[in-house]
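Novice: no sequence on this one, just coordinates:
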């Protein structure tokens, strides 16, 4: 096993988020009293019904929105703004990729912002374009790619900046079932290759079980919180026909049946 | 190929039919009221030979192109700033929406008083006609930039300035371009008005002045020249946009209408 660096640990304590004004009487918490510790290099899945505040929690970790109260720490540092240590893969590739840039230029975006020389940029982008299986498509524009390929570009684009943490907001939600399965397998492979901490948001129990080392169950909003955490003691790649997989599936399902 | 040929033939037929009807009507009403195509061609030839026609086309085009270019160049940064800075926008937006309903023609007398009877007043008028359209379009473009794009750039390490330069501006290009192209139409309207009222040369002057000699054929020559000038500049601008800006999503080949 690789050495676990503290820089990619995430600690969340008594975290509350409300979009109402702090002076308002009723605060309408989106999420309330969330506590979570994610270990470095872990694949953690946030599972919950639509609208429960999973994405809000992810945005708080990313630093896109500010918390109402509580703590979000990455490594030793309190999260106050977006940082290069935390990369975000968005649900909609069309709204987050830059359509005026080619695949290669998209992947090199962060490197260009850091003024890394072109030769070095090309070396890095080659590495990650090939890691996500897009070699040969470097000079295409996003509009020329399928949905699955666009998500691969997003993944390569964030990986090229070498973040410690990957925050993924239902990135495969808009893909067809077959592409989704391939992307899930690829993501596990890439995660195993790169030693990143991953927080993956989904509302799909099967997806959660295929990917996660641990699964945090979020209750339906408002005032959503993490009610239970499941360990998934199954080896990768996971097998859908495994009876243990099935047992876990039913256990988790029972949370949402009530 | 034969389909294209058919289309070409239909086009020619359409124009010939138009000319035929025009000629027929002119025979009915007499050439003083409605000069036919042959009569108009003769008038046009006359103006072409003594050099006035080309001179007038030249001067009108010069005024439009100069005012329109200056207006666009000033309007784009202004639109970007208004779009980007919320506090400025709060004050600027009502003002913009107030002033855009005042047509350039309404300002002619004031501009003559302010900028003199020479070229400056006409160019300022075109600048005015261009400015607000381009500002409003640019501003709309800035507001339409998806939050995901800005967020992803930010978490890849882009500074606020880099976000403006590498995300907001390229994402706004199609809006700017639409504004610039629409402004071309209003610029032509403004210049003809200005030349009718306060000029001794130009196509607008030709159209207006011909009434003194009751040369309705010259009026027709002026109208046709206007049509061609507008058509050609719009096609040129459209072509340039498609060739140079296609990566930003400027694709429309058809002329825009107001």
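Specialist: The structure has been received and is ready for your questions. Note that the structure is predicted; figures quoted are calculated from it, not measured. Numbering: from 1, shown residues only, chains lettered A, B, ... in the order given.
Novice: Residue of chain A nearest chain B, please.
Specialist: Residue nearest to chain B within chain A: residue A:110 (3.4 Å; CB to the nearest CB). C-beta here means a position set from N, CA and C on the backbone, and glycine is covered the same way.
Novice: counting contacts, what elements does the host helix or strand of that residue pack onto?
Specialist: Element membership for residue A:110 (DSSP states H and E) is helix A:109-113. When contacts are defined as 3 or more CB pairs under 8 Å, 6 or more residues apart in numbering or on different chains; DSSP states H and E, helix A:109-113 packs onto helix A:118-131, helix A:147-159.
Novice: which one of those has the most crowded surroundings?
Specialist: The highest average neighbour count among the helices and strands packed on helix A:109-113, using mean count of other CB atoms under 10 Å in any protein chain shown, belongs to helix A:147-159 at a mean of 25.
Novice: The helix or strand that that one is followed by pairs with which strands, parallel or anti?
Specialist: Sequence-wise, the next helix or strand downstream of helix A:147-159 (DSSP H and E) is strand A:165-169. With DSSP bridges as the test, strand A:165-169 is paired with strand A:86-89 (parallel), strand A:197-202 (parallel).
Novice: nearest to residue B:21, of these?
Specialist: strand A:86-89 (62.8 Å; CB to CB).
Novice: That closest one: how far from the chain's middle?
Specialist: Offset of strand A:86-89 from its chain centre (CA atoms, centre = their mean, to the nearest Å): 7 Å.
Novice: contact partners of it?
Specialist: Residues from elsewhere that reach strand A:86-89, judged by CB atoms under 8 Å, 6 or more residues apart in numbering or on different chains: A:58, A:61-64, A:74, A:79, A:82, A:151, A:154-155, A:158-159, A:161, A:163-169, A:171, B:151-152, B:155-156.
Novice: Emit the PyMOL select command for whichever of those are buried.
Specialist: To isolate the buried members of the contacts of strand A:86-89 in PyMOL, using 16 or more other CB atoms under 10 Å in any protein chain shown:
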select buried, (chain A and resi 58+61+62+63+64+74+79+82+151+154+155+158+159+161+163+164+165+166+167+168+169+171) or (chain B and resi 151+152+155+156)
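Novice: Give me every residue in the stretch 101-250 of chain B lying close to chain A.
Specialist: The stretch 101-250 of chain B comes close to chain A at residues B:146-149, B:151-159, B:162, B:166-167, B:170-171, B:173, B:247-249, as judged by CB under 8 Å from any CB of the partner chain.
Novice: Could you rerun that using 7 Å?
Specialist: Residues of the stretch 101-250 of chain B found near chain A (CB under 7 Å from any CB of the partner chain) are B:146, B:148-149, B:151-152, B:154-158, B:162, B:170, B:247-249.
Novice: ok now do residue B:18, which residues does it touch?
Specialist: Listed by CB atoms under 7 Å, 6 or more residues apart in numbering or on different chains, residue B:18 has no contact partners.
Novice: Need the three-state assignment for it.
Specialist: Following DSSP: H, G, I helix; E, B strand; the rest coil, the label given to residue B:18 is helix.
Novice: Not counting sequence-adjacent ones, nearest residue to the residue in chain B that chain A sits nearest to?
Specialist: Using CB to the nearest CB, the single residue of chain B nearest to chain A is residue B:156, 3.4 Å away. Leaving out its chain neighbours, the residue that sits closest to residue B:156 by CB to CB, 6 or more residues apart in numbering or on different chains is residue A:110, at 3.4 Å.
Novice: residues from the stretch 151-258 of chain A in reach of chain B?
Specialist: Within the stretch 151-258 of chain A, the residues that sit near chain B (CB under 7 Å from any CB) are residue A:161.
Novice: same thing but at 8 Å, please
Specialist: So the stretch 151-258 of chain A meets chain B at A:157-158, A:161 (CB under 8 Å from any CB).
Novice: what's near enough to touch residue B:249?
Specialist: Taking CB under 8 Å, 6+ apart as the criterion, residue B:249 is in contact with A:99-100, B:173-174.
Novice: oh, I was asking about residue B:111
Specialist: The neighbourhood of residue B:111, defined by CB under 8 Å, 6+ apart, consists of B:121, B:124-125, B:128.
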